[in-house]
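K.L.:
next comes the sequence, and after it the predicted model I'd like to discuss.
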Amino acid sequence: QVQLVESGGGLVQAGASLTLSCSASGRTFSRLTMGWFRQAPGKEREFVAAISWTSGSTYYADSVKGRFTISRDNAKNTVYLQMNSLNADDTAVYYCAGTPYGRIPTITTKYEYWGPGTQVTVSS
């Protein structure tokens with residue numbers, strides 16, 4: 001079993017940067033593809049970014065490509081999401097998720113483990 005806990009959310013102004021962290025418990029973190037999703041009020045949860053455990057490859061939603069960077073530190077059982085040039089459309093609850101799939105899935109049903117989420121609010 002893996003437990004995930006996100007941190008680093010908050011209120012920032014448009015154009016600012018923020019780094020989210022997701023800490024995992026359990027011994028299998030290094031064998032999990034880790035993803036970030038977000039959910040804005042009244043909207044479905046959407047894929048943001050993910051990093052594969054097999055190849056270290058990354059994949060991003062078009063809406064964040066070039067602004068967000070996902071990375072992982074297996075020694076610390078932590079995955080990060082560096083977010084730059086934030087805008088109001090990035091306001092959402094951000095969730096960390098894990099899956100044993102080696103390839104990167106972008107749909108929520110492929111992820112087994114989820115954190116409780118952290119709120120990111122960008123004021124314009």
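P.N.:
Structure's in. What do you need? None of these values were measured; they are calculated from a predicted model. Numbering: from 1, shown residues only.

K.L.:
check contacts around the residue positioned nearest the centre of the chain.
P.N.:
Nearest to the geometric centre of the chain sits residue 36, at 2.1 Å (C-alpha atoms, centre = their mean). If a contact means C-beta atoms under 8 Å, 6 or more residues apart in numbering, then residue 36 has 20, 22, 48-50, 70, 79, 81, 94-97 as its contacts. The way it works is simple: take the backbone N, C-alpha and C, and place the C-beta from them, glycine included.

K.L.:
any low-confidence regions in the chain?
P.N.:
Residues of the chain meeting the criterion pLDDT under 70: none.

K.L.:
one more time with 80, if that's ok
P.N.:
Along the chain, the model assigns pLDDT under 80 to residues 27.

K.L.:
which residues in it form strands?
P.N.:
Per DSSP state E, the chain carries strands over the ranges 3-7, 10-13, 18-25, 33-39, 46-51, 58-60, 68-73, 78-83, 92-99, 113-114, 118-123.

K.L.:
and the contacts of residue 36 as a markdown table, adding distance to residue 119 and neighbour count?
P.N.:
As requested, these are exported to a markdown table (distance: C-beta to C-beta, whole Å; neighbours: other C-beta atoms under 10 Å):
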| residue | distance to residue 119 | neighbour count |
| --- | --- | --- |
| 20 | 11 | 24 |
| 22 | 14 | 27 |
| 48 | 14 | 24 |
| 49 | 18 | 25 |
| 50 | 21 | 27 |
| 70 | 19 | 22 |
| 79 | 18 | 29 |
| 81 | 14 | 27 |
| 94 | 8 | 23 |
| 95 | 11 | 23 |
| 96 | 13 | 28 |
| 97 | 17 | 24 |
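
K.L.:
now the residues you listed in a markdown table, with distance to residue 118?
P.N.:
Shown next, in a markdown table, are the contacts of residue 36 (distance: C-beta to C-beta, whole Å):
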| residue | distance to residue 118 |
| --- | --- |
| 20 | 6 |
| 22 | 9 |
| 48 | 13 |
| 49 | 15 |
| 50 | 17 |
| 70 | 15 |
| 79 | 13 |
| 81 | 10 |
| 94 | 5 |
| 95 | 8 |
| 96 | 8 |
| 97 | 13 |
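
K.L.:
still on that earlier bit, what sits against the closest residue to the residue nearest to the centre of the chain other than its chain neighbours?
P.N.:
Leaving aside its sequence neighbours, residue 36 sits nearest to residue 48 (C-beta to C-beta, 6 or more residues apart in numbering; 4.3 Å). Each residue near residue 48 by C-beta under 8 Å, 6+ apart is listed here: 35-38, 60-61, 64, 68, 81, 94.
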